[in-house]
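Student: got a predicted structure plus its sequence, pasted below:
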Amino acid sequence: MSYSHKPPSIDPRFSMYSLRIGRSAIHKIGVFAAEEIPRGKRVIEYTGERLTIPQAVARFKRIWVPGGRRPIYLLRLNRRWFLDGVEKGSGAERVNHCCDPNLKRKKIRGRMWFFSRRRIHRGEELTLDYLVSPKAPIVRCRCGSPNCRGTINRISG
């Protein structure tokens, strides 16, 4: 597995709207709407290499280092599979976490799509609540939302 650092981009084959990559106030770079996106619309598919749960856990343990430089773009597809957006990603892997997101995920026929939760304005950064397990290493949130819970991890309970 090689982690080539290709320039981040949106693959138009998987995006229903015009999107762009840009500097983010949340974390390094993010995905931005290049046009208005109405509420309740399919925005972009999250694509990547399919990994079994043990493969995803092994990859995470091998590359995760607090403040590390290697990107981690693992998204759980279902009870059996993860998608690693580092390889074969559509650009959706660059959507940053927010505790008050404008996107939600929805699985359709074995594929993961991001849908708009509300109207998204041109120039607005696309965000998603990552809902990371409370059992995973705690990662501080930088979303800046008034509803910020302080971590990208779900609150247990």
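Tutor: Received the coordinates, thanks.
Student: would you list every one of the helices in the chain?
Tutor: Assigned by DSSP state H, the chain shows helices spanning 53-63.
Student: I'd like to know which helix or strand in it has the lowest mean pLDDT.
Tutor: helix 53-63 (a mean of 81; mean pLDDT, DSSP states H and E).
Student: report the buried residues of stretch 119-126.
Tutor: For stretch 119-126, the neighbour count (16 or more other Cβ atoms under 10 Å) marks 120, 125-126 as buried. Bear in mind the C-beta positions are built from the backbone N, C-alpha and C, glycine included.
Student: ok, now stretch 100-111?
Tutor: Result for stretch 100-111 [16+ other Cβ under 10 Å]: buried residues 101-103, 105.
Student: distance between that stretch and the chain's centre?
Tutor: 10 Å (Cα atoms, centre = their mean, to the nearest Å).
Student: what does stretch 29-36 give?
Tutor: 13 Å.
Student: using PDB, list the CA coordinates for it.
Tutor: The C-alpha coordinates for stretch 29-36 follow below in PDB (Å, rounded to 0.1, in the frame of the first residue of the first chain):
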ATOM      1  CA  ILE A  29      -8.100  21.800   3.600                       C
ATOM      2  CA  GLY A  30     -11.800  21.100   3.000                       C
ATOM      3  CA  VAL A  31     -14.500  20.800   0.400                       C
ATOM      4  CA  PHE A  32     -16.500  23.900  -0.600                       C
ATOM      5  CA  ALA A  33     -19.700  24.300  -2.600                       C
ATOM      6  CA  ALA A  34     -19.100  26.100  -5.900                       C
ATOM      7  CA  GLU A  35     -22.800  26.500  -6.400                       C
ATOM      8  CA  GLU A  36     -26.000  26.500  -4.200                       C
END
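Student: great, nothing more from me.
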